[in-house]
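Novice: Attaching a predicted model along with its sequence, questions to come.
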2 protein chains.
Amino acid sequence: MTSTSSVPDTAAAARAFHAQFADISTCGATGGGGITRLCASAADGEARHRFADAAREAGAEILVDAVGNQFALFRLSGIPGAPLVMMGSHLDSQPKAGRFDGTYGVVAAGCIGASLMRARHAGETFAADFCAVNWTGEEGARFRPSLLGSSTYAGSRRIEEALSSRDDAGITLCEALDAIGFLGTDRPPPLPACYLELHVEQGLVLEKAKAAIGLVTRNWGAAKIDVVFTGEQAHTGPTPMPRRRDALLAAAYLIAEVREIAERWPGRFHSSVGRLLVEPNSPNVVPARVELSVELRTADDRLLTEASLMAEAAIAEAASRAGISSTITGRTLRPIRILPEAVCDLVATCAEEASLRSLRMDTVAGHDAISLLGQCPTGIVFVPSVDGVAHNEAELTRPADLEAGLAVGLRAAWRLCRAGGSPERALLFKRPDEASGAVR
Amino acid sequence: MTSTSSVPDTAAAARAFHAQFADISTCGATGGGGITRLCASAADGEARHRFADAAREAGAEILVDAVGNQFALFRLSGIPGAPLVMMGSHLDSQPKAGRFDGTYGVVAAGCIGASLMRARHAGETFAADFCAVNWTGEEGARFRPSLLGSSTYAGSRRIEEALSSRDDAGITLCEALDAIGFLGTDRPPPLPACYLELHVEQGLVLEKAKAAIGLVTRNWGAAKIDVVFTGEQAHTGPTPMPRRRDALLAAAYLIAEVREIAERWPGRFHSSVGRLLVEPNSPNVVPARVELSVELRTADDRLLTEASLMAEAAIAEAASRAGISSTITGRTLRPIRILPEAVCDLVATCAEEASLRSLRMDTVAGHDAISLLGQCPTGIVFVPSVDGVAHNEAELTRPADLEAGLAVGLRAAWRLCRAGGSPERALLFKRPDEASGAVR
């Protein structure tokens, strides 16, 4: 490592980013300025092609694994079996969602890879390769559970299990990926030396603090309780009220109670019921069956346990009030997770170099990075969301904030690739806009 | 009218009924012993063919009108333009419904027509023709509103309006009827001189009273209030609880309150919410929009008005509690209806002749007969439902009870057709198993 580091051209990266982001935002664009780009839909396929084309043009090799994860490999080191630095997120979206959630991190990673590749061609040397990744099915909107691609890559889910997940029309992920030509056969790259994810905050913390960069130190825990209420199908006309066994009534009691639980710990506890399946869901028929999931989130382990017990009691109570039965068909616990200090320190340093105010903070939502946590040093970098709007067509992050995150990400990736992927060693590297590339 | 009336062969009619009913019950049969025979589905098309084939074989001429109503015309009188006696119901069903609801009345009407036709061939003379009818889309399960075919025939709905009704997949009734070959071009028969509908009770009144025949004197009124709750799509993770605008939460508050309203007037008031559409209905997304209908039923006009006002207040209150907005998109009032005394008297006489205990009673649910009320003398004849089970695969009416209803229907139709369709004149006719056919 004897070359003189050139300044990473953040302006060029920003121009490329905006052009690619605008292009990909047309895939699944909605009338309201957002996107509907459900996992493995035609719109997702189109976005995947555009991401791959841009990365390939920038010199990357594209791999698609068995669950459709797309890896754009930028071979920067020239060393076979060199460590890997990975950045990315997801191109899939919720229905009528914003353009930034996930897509920001994928397009930014691709542009960072392209920048690093240009630097290599200009004579920079790197001790690690770089990979920009688009994870399949992060949202859990069409295929459940969420984080499907990244958790499969990380080894916490079997490929067959992921591929057999079905959407509401009964189509499997396997069939859907095949239909868009993204049921891959490539062996995915090995686990990276470090994984970093740029993402929009989807909350109000950065905006309130007037900070440009969020360094995620903790992920709230989440408990999900899947419930089936079983009543009895009956005519809404002649069936006497005391004989009705209304599954929707029980669901209504529960939904109100789930809200009550959150209101006991203002600011510290979030709860929701976002999805409800009613059978037969016909006018004139007392609902026989309702399926729903209760979601509880907090950063306090004890509280998560306490609230889970309260929710389970509320399920039984709701069923009893409606005179029906309830079954808990699933309990999922995503524990509270701590992100490694070293990655935060590295990103903080990069933000400081770029004269950007950063802040250590929680993420309430899970992101693909969480799937890799424990497998490799992992970081999440937030940029501000205007008014905290998320999972909504009106979601917005201002161009300057997108660029700030991109600049920080580029600096961090540069350092990491120079340092062979280790965040601790990357911290020791001088600013890339100073001369020298040697380890001090 | 000089012929000697022969005894209507109720045993032969019963044998024919059971055979045809068993045959039609295979159309859309479910594993649970019921049927799913949604309006204008393939299963409905199959059932329609079997009904038409049996009626045609018995000498009927089949007409299919512009909204798919099927009329099996038995020309008994030999007189052009003779009055018409009509009986029938519907072959469509709710999802996972019982076999008897609707189908009983259609198959029975067809068998009654066949019996009368045999009597005519045996020398009996009639002053009216007979028509067995299968009305399109009574249930409102696939195409809304309910009573679609009969209300269009009766002139209270335009043909174009009925045909443009769409199912949840966006398919119009017009397209669905065309697909099964039942988008007819025949002019429907003129309004009958009398309409009679055999139907299973779907309640507990006859069973409790140990009566075989219910003479419906009144139809409960129903108020339907269509509501849209509009919240704001947001992430169920980071979005702070006080900022959530959860449309499903408002719906939950309302559903619980709608139940409360009914509980103020035990036995006299029924309420329900049977169908709910949630958008986007995705996990991790705070529901942005919920569409539902509140249904209120009672036989007391004042109470219906009072409860409707309470329900509208509850809608506003639910929206306000959840911090969202509500819009009432439709109000439908089906007023309390009184059925003509003369038709009840005729059926009561026929029941007495057959040594069957009958009872005057209300119907809570609407039936196709209600569409024709006001247009012609109209009657509904109930047979007992085991345990009142309805809109459920386990719905059951015992064979003997089905036969009892059939026998009463046959006697009533016989008298009506002999009397030129007038229920008052039909009452004056002697029992058809006595000699003479002259008006006394």
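Specialist: Arrived safely.

Novice: where does whichever residue of the stretch 201-350 of chain A sits closest to chain B fall, helix, sheet strand or coil?
Specialist: With CB to the nearest CB as the measure, A:Gly237 is the residue of the stretch 201-350 of chain A nearest to chain B, at 3.1 Å. From N, CA and C alone the C-beta is placed, and that goes for glycine too. Recorded secondary structure, A:Gly237: coil (DSSP: H, G, I helix; E, B strand; the rest coil).

Novice: Which stretches in chain A count as helices?
Specialist: Using DSSP state H, the helices of chain A run over A:10-24, A:42-57, A:103-121, A:148-153, A:159-163, A:173-179, A:205-209, A:247-263, A:301-322, A:341-353, A:368-372, A:399-418, A:423-428.

Novice: thinking A:Asp292 is in contact with A:Tyr253, fair?
Specialist: No Asp there; residue A:292 is Leu. No. Using CB atoms under 8 Å, A:Leu292 is not in contact with A:Tyr253, being 11.9 Å away.

Novice: out of the helices of chain A, which comes closest to B:Ser156?
Specialist: When the helices of chain A are compared by CB to CB, helix A:247-263 sits nearest B:Ser156, at 30.5 Å.

Novice: and that closest one, what other elements does it pack with?
Specialist: strand A:221-230, strand A:269-272, strand A:276-279, strand A:289-298, helix A:301-322, helix B:247-263 (3 or more CB pairs under 8 Å, 6 or more residues apart in numbering or on different chains; DSSP states H and E).

Novice: check contacts around the spatially closest residue to A:Ala114 that is not a sequence neighbour.
Specialist: Nearest residue to A:Ala114, sequence neighbours excluded (CB to CB, 6 or more residues apart in numbering or on different chains): A:Ala58, at 3.5 Å. A:Ala58 is in contact with A:Phe74, A:Gly110, A:Gly113, A:Ala114, A:Met117, A:Arg118, counting by CB atoms under 8 Å, 6 or more residues apart in numbering or on different chains.

Novice: how about a cut-off of 7 Å?
Specialist: Neighbouring residues of A:Ala58 by CB atoms under 7 Å, 6 or more residues apart in numbering or on different chains: A:Gly113, A:Ala114, A:Met117.

Novice: Show me the beta-bridge partners of the closest residue to A:Ala351 other than its chain neighbours.
Specialist: Residue nearest to A:Ala351 in three dimensions, not counting chain neighbours: A:Ser358, with 4.0 Å by CB to CB, 6+ apart. Following DSSP bridges, A:Ser358 is listed with bridge partners A:Ile213.

Novice: how many other residues sit next to A:Ser358?
Specialist: Counted with other CB atoms under 10 Å in any protein chain shown, residues neighbouring A:Ser358 total 24.

Novice: cool, and A:Trp265?
Specialist: The number of residues packed near A:Trp265 is 16, by other CB under 10 Å.

Novice: excluding its backbone neighbours, what's nearest it?
Specialist: Nearest non-adjacent residue to A:Trp265, counting by CB to CB, 6+ apart: A:Leu303, 6.4 Å away.

Novice: Isn't that neighbour up against A:Phe269?
Specialist: Yes. Counting by CB atoms under 7 Å, A:Phe269 is a contact partner of A:Leu303 at 6.5 Å.

Novice: coming back round to it: leaving aside the residues next to it on the chain, what's closest to the residue of the stretch 201-350 of chain A closest to chain B?
Specialist: B:Ala365 (3.1 Å).

Novice: Quick check on the one you found: phi, psi?
Specialist: With angles defined as degrees, to the nearest 10, B:Ala365 sits at phi -80, psi 160.

Novice: distance between the ends of stretch A:168-175?
Specialist: 13 Å (CA to CA, to the nearest Å).

Novice: now stretch A:117-127
Specialist: Taking CA to CA as the criterion, the two ends of stretch A:117-127 lie 13 Å apart.

Novice: What of stretch A:126-143?
Specialist: End-to-end distance for stretch A:126-143: 38 Å, by CA to CA.

Novice: anything in it near chain B?
Specialist: Yes. Contact of stretch A:126-143 with chain B (CB under 7 Å from any CB of the partner chain) involves A:Glu139, A:Gly140, A:Ala141.

Novice: cool, and stretch A:95-108?
Specialist: Yes. Counting by CB under 7 Å from any CB, chain B has neighbours in stretch A:95-108: A:Pro95, A:Lys96.

Novice: that older thread, between the helices and strands packed on helix A:247-263, which one is nearest to B:Arg334?
Specialist: Among the helices and strands packed on helix A:247-263, if distance is taken as CB to CB, the winner is helix B:247-263, at 17.2 Å.

Novice: average pLDDT across the closest one?
Specialist: On average, the pLDDT along helix B:247-263 is 98.

Novice: and the angle for it with helix A:301-322?
Specialist: Put simply, helix B:247-263 runs at 30 degrees to helix A:301-322, going by axes from the mean of the first three to the mean of the last three CA atoms, to 10 degrees.

Novice: neighbours around the closest residue to A:Leu204 other than its chain neighbours, how many?
Specialist: Among residues not flanking A:Leu204 along the chain, A:Gly388 sits closest, at 4.0 Å (CB to CB, 6+ apart). For A:Gly388, the count of nearby residues is 21 (other CB under 10 Å).

Novice: tell me the pLDDT at A:Gly388?
Specialist: We note a pLDDT of 94 for A:Gly388 in this prediction.

Novice: Generate CSV for the helices and strands packed on helix A:247-263, with distance to B:Ala22 and mean neighbour count as supplementary columns.
Specialist: CSV is the format used below for those (distance: least, CB to CB, whole Å; neighbours: other CB atoms under 10 Å in any protein chain shown):
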stretch, distance to B:Ala22, mean neighbour count
strand A:221-230, 30, 20
strand A:269-272, 49, 24
strand A:276-279, 27, 20
strand A:289-298, 29, 23
helix A:301-322, 36, 17
helix B:247-263, 38, 23
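
Novice: To B:Gly203, which of the ones you listed lies closest?
Specialist: Each of the helices and strands packed on helix A:247-263 has some distance to B:Gly203 by CB to CB; the shortest is helix B:247-263, at 15.8 Å.

Novice: tell me the angle that closest one makes with strand A:289-298.
Specialist: 130 degrees.

Novice: can you state the direction angle for helix B:247-263 and strand B:221-230?
Specialist: For helix B:247-263 against strand B:221-230, the angle by the same axes, to 10 degrees is 160 degrees.

Novice: Just the residues of stretch A:126-143 next to chain B: which are in strands?
Specialist: The strands, defined by DSSP state E, take in nothing from the residues of stretch A:126-143 next to chain B.

Novice: between those, which is closest to A:Tyr195?
Specialist: For the residues of stretch A:126-143 next to chain B, with A:Tyr195 as the reference and CB to CB as the criterion, the closest is A:Glu139, at 19.1 Å.

Novice: isn't that closest one right next to A:Pro95, touching?
Specialist: No. Counting by CB under 7 Å, A:Glu139 does not reach A:Pro95; the two are 9.4 Å apart.

Novice: so where's chain A uncertain?
Specialist: A:1-7, A:430-440 (pLDDT under 70).

Novice: if we can go back for a sec, any figure for the gap between the residue nearest to A:Trp265 and B:Arg48?
Specialist: 60 Å (CB to CB, to the nearest Å).

Novice: list the contacts for the nearest residue to A:Gly110 once chain neighbours are set aside?
Specialist: Of all residues beyond its chain neighbours, the one nearest A:Gly110 is A:Ala132 (4.5 Å), with distances taken as CB to CB, 6+ apart. Contact analysis of A:Ala132 by CB under 7 Å, 6+ apart lists A:Ala55, A:Ala72, A:Met87, A:Gly88, A:Val106, A:Ala109, A:Gly110, A:Gly113.

Novice: Close to chain B: what parts of the stretch 251-400 of chain A are there?
Specialist: The stretch 251-400 of chain A has residues A:252-253, A:255-256, A:259, A:262-263, A:270, A:272-276, A:278, A:280-287, A:293, A:295, A:297, A:364-365, A:388, A:390-392 near chain B, with proximity defined as CB under 7 Å from any CB.
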